[in-house]
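> Take this sequence and fold it.
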Amino acid sequence: MRLHAGQDASNEVSDAPYSIRAVTTVDELAALEQEWNRLSESAREPNVFMTYGWFRAWFQRRAEELPNGDLKPHVLVLMRENTAAGIMPFVLRVSTRMGMPIRRLEFVTNHADYNDLIVGESSEQMGAVFCFLAQTQEQWDAIYLRDLRVSAEEMTFIENAVTQAGLLYRTKVEKDACPYLHIEGDSEKLMMRLSGHVRRTLRGRMQRAASQGLRIRIIENPHIEPKLIERLAALEEIKQIHKSADAFIGMYPEVFQSLFDSLGPQGWIYVALLERGEQAVAFQLGFRCGDKLWDYSKAYDRSFASIAPGTLLLPALLDYGFEHKFCEYDFLRGEEEYKKVWTDKVHHRHSLLIWQQNAASRLRKLAYHDVGEWINGISLKKEHIVGR
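Numbering: from 1, shown residues only. Predicted coordinates:
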């Protein structure tokens, strides 16, 4: 698909039926909220990590962490007949390695387990976008897109579009897959696929939990639950004490409060909470994405470890999913053993690195990505040797 320059090729390129512009200021970004929400809600495969609320919350946090304007929005908007038909939610990050600055387009945060190239109608928009990026390549040195939720066939389509735009690329399958299971019945039916030992153990824990007065609530509107962020963060602190694990919600309370306030009323977020009276024992924060449930973050009080409270939330969520006609439960990133107990199915994700034909872009890609991957590889090998 060949694009023709508009009045200002640095800001807008047109090719019927699309024109494309780059949103590069916070004020312009705020003006996109309504159209962005419309596209997210009407997407064929809804993705909470591609919503306006997610982008805004993490952009504000990352912009505070990176001083001197080293992070700016660079959101591409595909317009058709004066209506936004697609959004490619990038940021432009400037960083330095070996004394060499590099301007890199990327997604807003690495805390998203799935990213999509475009929030919009169809994959046909990709050709227009990559041509736009080729024609405005004086604005960036490399594009690094992680955790892409694409099939092998879709990745081939993307590779062809990048090649036709005259850009260079490298792809790879991400190391951590995302286990998932189909919700084909309630938890009792789904537990029948587990071994007899696992079923007996789980039912025993459920009985002991009930005898201790523990109950599970699925909070569908977490934005109106009083002091919920504080309760979740407090459980994470207990987890840290026992396991030296990093806090997540407690590290970014303002981000999660923003997500609750913006995405909660839109129905994207749920929280499963195991309680004894007013005492929070375990939680799982997750997302409702179309007809799928996504398991995102969890913690529990280790003083209740004998009943493995984290495992008690899953049957309750499977019952919730079956009752509300969700078809899939996705554990998201990581292939931990407790997930393998339930399923052997996984979704794979891809990364895509794009750079330009010119020598400057090739050199920056070499310094930032190739050398960086080599250094990280050496570090991982040392860590592996030490850990044996």
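
> okay, CA-based contacts and neighbour counts for the rest of this
Noted.

> Where do the strands of the stretch 51-200 of the chain begin and end?
Remark: strands assigned in the stretch 51-200 of the chain by DSSP state E, counting those that start in this stretch are 71-80, 83-97, 100-106, 119-120, 142-148, 168-173, 178-182.

> What residues sit buried inside the longest one?
What it means is strand 83-97. By neighbour count on 16 or more other C-alpha atoms under 10 Å, the buried set for strand 83-97 is Ala84, Ala85, Gly86, Ile87, Met88, Pro89, Phe90, Val91, Leu92, Arg93, Val94.

> The fifth one pairs with what?
Per DSSP bridges, the residues bridged to Met88 are Leu76.

> again, but for the last one
For Val94, the beta-bridge assignment (DSSP bridges) gives partners Arg103.

> dump the residue contacts of it.
Contacts of Val94 were listed using C-alpha atoms under 8 Å, 6 or more residues apart in numbering, and they are Asp70, Leu71, Pro101, Ile102, Arg103, Arg104.

> Could you list the single helix or strand in the protein with the lowest mean pLDDT?
None of the helices or strands of the chain scores lower by mean pLDDT, DSSP states H and E than strand 4-5, at a mean of 29.

> coming back round to it: check the contacts of Val94 and tell me the two furthest apart.
Maximum pairwise distance in the contacts of Val94, criterion C-alpha to C-alpha, is 13.1 Å, between Leu71 and Pro101.

> The two: who's more crowded?
Per other C-alpha atoms under 10 Å, whichever of Leu71 and Pro101 has more neighbours is Leu71, with 23 against 14.

> any idea how far Ala30 is from the more buried one?
16 Å (C-alpha to C-alpha, to the nearest Å).

> how about stretch 66-73 as CSV, C-alpha atoms only?
Output in CSV follows, covering the C-alpha atoms of stretch 66-73 (Å, rounded to 0.1, in the frame of the first residue of the first chain):
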residue,chain,number,x,y,z
LEU,A,66,12.0,9.8,33.2
PRO,A,67,13.0,13.5,33.6
ASN,A,68,13.9,16.1,31.0
GLY,A,69,11.1,15.1,28.6
ASP,A,70,12.7,11.8,27.8
LEU,A,71,9.2,10.3,27.4
LYS,A,72,6.5,11.7,25.1
PRO,A,73,3.3,10.4,23.6
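
> Buried residues in it, which are they?
Leu71, Lys72, Pro73.

> Any chance of TSV for those, columns pLDDT?
Below are these laid out as TSV (pLDDT from 0 to 100):
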residue	pLDDT
Leu71	95
Lys72	96
Pro73	97
